[in-house]
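K.L.:
what's the 3D shape of this:
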Amino acid sequence: MAHYDLCVIGSGPAGYKAAIQAAKLKKRVCVVERERVVGGAAINTGTIPSKALREAILTLNDRSVFMPRATDFTSARNEVFQGLMGRCARIIAGEIDLIRDHLARNGVDLREGIGRLVDAHTVEIEREDTRVTVNADNILIAVGTRPARPPNIPFDGRTILTSDELLELEYLPHSMLVVGGGVIGTEYASMLSALGVKVTLIEGRTRLLDFVDSEITEALQYHLRQNGMTLRLGEKVTKIEQIEAPERARTADSTMAQATLESGKTLRADCLLYAIGRQGATDDLGLENAKLAADHRGRIKVNEHYQTEVPSIYAAGDVIGFPALASTSMEQGRLAACHMFGEPCHAVPELLPYGIYAVPEISMVGWTEQRLTEEGIPYEAGIAQYREIARGQLLGDDIGMLKMLVHQETRHVLGVHAIGTGATELIHIGQAAIAFKATVDYFVDTVFNYPTLAECYKVAAYNAVNKLMCI
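P.N.:
Presented below is the predicted three-dimensional model:
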């Protein structure tokens, strides 16, 4: 039986980064992956595919439009759609090769097969008709999640589908219902709307992305509606079914999707994307053999070091729950590997950035206005509109915005929120400022390259200072 210092189950962002970190510490590491390709959902069905599709859409016909209109893509039907998917496939293949190369260069053994726990230090790997076991001082569970598939919904991968099947569509539908206004639902709904698909987004809460600053989500909702999307907010779906398509409504299929709402409304479209919740891929992991258990959503409980109730077993990534982002999963894997081998490390969870790659994109770091109000912290908000910035004018982005939240007394920057072109890149300036306890005066005094979107920080700082002077 082979022995390792660390056995990682799953090669997604958390597992991959943990394996590399442990290898850098001169530990013997293996990664067990049940699929024939590495990278997990992030590379194959989630983060990279969806972002690749987004970039392909925005650069369709050599355009780099920030907020495209449906009329920009009247030619984007089946042939163009397949071209977009082909571009996504090439990017995914490149990422897979990159991960394989990194694992190999760091001496990490990649073992293909289904990994199951035998006990707290042993993993059985099943591959076709063969089974082998490996022993490890430490085990990291990084199996990720899969889309939730309630048994009462007739999924068929074509008319009623999850995000995993969306990228396998052979044609671009004329209309689509998207159930769920979280990150995945909002991203795909906005992308397809940008391609000219008639999208109706249904969300049970009164606004999309309820963890994002309310002013930012209000701006997003406004622009999605301006782009032709229908938002059904505060509406719950009670039934989803397939129906026979009327002759006049038939496109590439003879069926349509129908959603019945709690309010009694009935909505129909060529297809329906179900994007409510994800389930941890732990049901076939043998957790009980190691005296572990997952909750009803397949998630594993861990402490601040990503260690489970069994000291030798750690878990990281989407399988432990929120925020379930590729970036945070990578950091969790790294921190888990450092802790299990006694390597000093420093975590700053309050500085985790969030990026939502909708059209337009959104990003945030630090406190929101809602949380500051609830905590009774006095603050002021400085706003910069992209249309005030020369770079925003050059990009043709007249809807972008950056908001800076500043403590009224200490003048420290507490949070930054952005919507618009490059928001997910722009946010890291604010992240650094918060980490080093910069005040709003830093941005007033700093000179930024001209013309750049980074100038938003200076404009927002001036706006905040003007308000502070009136207090």
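K.L.:
name the surrounding residues that touch stretch 230-240.
P.N.:
Residues outside stretch 230-240 that contact it (C-beta atoms under 8 Å, 6 or more residues apart in numbering): 152-154, 160, 179, 181, 198-208, 221, 224-225, 257-263, 265, 267, 272, 274. C-beta: built from backbone N, CA, C; applies to glycine.
K.L.:
tell me which of these fall in helices.
P.N.:
Among the contacts of stretch 230-240, the subset assigned to helices under DSSP state H consists of 221, 224-225.
K.L.:
closest to Asn135 among the residues you listed?
P.N.:
Using C-beta to C-beta, Leu224 comes nearest to Asn135 of the ones in helices among the contacts of stretch 230-240, at 52.4 Å.
K.L.:
report the contact partners of the closest one.
P.N.:
Leu224 sits next to 189-190, 193, 201, 231, 358 when contact means C-beta under 8 Å, 6+ apart.
K.L.:
from Ala423, how far out is it?
P.N.:
Distance, Leu224 to Ala423, using C-beta to C-beta, to the nearest Å: 15 Å.
K.L.:
do Thr308 as well
P.N.:
Thr308 is 36 Å from Ala423, where distance means C-beta to C-beta.
K.L.:
give me the residue at the spatial middle of the chain.
P.N.:
Leu325 (4.9 Å; C-alpha atoms, centre = their mean).
K.L.:
sorry, back to before: give me the more crowded residue out of Thr308 and Ala423.
P.N.:
Neighbour totals were compared for Thr308 and Ala423, and Ala423 leads with 27 against 23 (other C-beta atoms under 10 Å).
K.L.:
domain map for this structure?
P.N.:
2-147+279-349, 160-276, 361-469 (automatic domain parsing).
K.L.:
tell me which element Val444 is part of?
P.N.:
Using DSSP states H and E, Val444 sits within helix 440-445.
K.L.:
contacts for that helix?
P.N.:
Contacts to helix 440-445, defined as C-beta under 8 Å, 6+ apart, come from residues 382, 404, 406, 411-413, 433, 457-458, 460-462, 464-465, 468.
K.L.:
buried among the residues you listed? Make that a PyMOL selection.
P.N.:
To isolate the buried members of those in PyMOL, using 16 or more other C-beta atoms under 10 Å:
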select buried, resi 382+404+406+411+412+413+433+457+458+460+461+464+465+468
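K.L.:
the contacts of helix 440-445 in strands, which ones?
P.N.:
Counting by DSSP state E, the part of the contacts of helix 440-445 found in strands is 382, 404, 406, 413.
K.L.:
if we can go back for a sec, a markdown table for the domains of the chain, including mean pLDDT?
P.N.:
Shown next, in a markdown table, are those (pLDDT from 0 to 100):
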| stretch | mean pLDDT |
| --- | --- |
| domain 2-147+279-349 | 85 |
| domain 160-276 | 90 |
| domain 361-469 | 95 |
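K.L.:
re earlier: chain center to the helix holding Val444: distance?
P.N.:
32 Å (C-alpha atoms, centre = their mean, to the nearest Å).
K.L.:
could you list the buried residues of it?
P.N.:
For helix 440-445, a neighbour-count test (16+ other C-beta under 10 Å) marks 440, 442-443 as buried.
K.L.:
kindly export it (C-alpha atoms) in CSV.
P.N.:
In CSV, the C-alpha atoms belonging to helix 440-445 read as follows (Å, rounded to 0.1, in the frame of the first residue of the first chain):
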residue,chain,number,x,y,z
VAL,A,440,-9.9,58.4,2.2
ASP,A,441,-7.2,61.1,2.1
TYR,A,442,-4.8,58.6,0.6
PHE,A,443,-7.0,58.5,-2.6
VAL,A,444,-7.4,62.3,-2.5
ASP,A,445,-3.6,62.7,-2.5
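K.L.:
perfect, that will be all.
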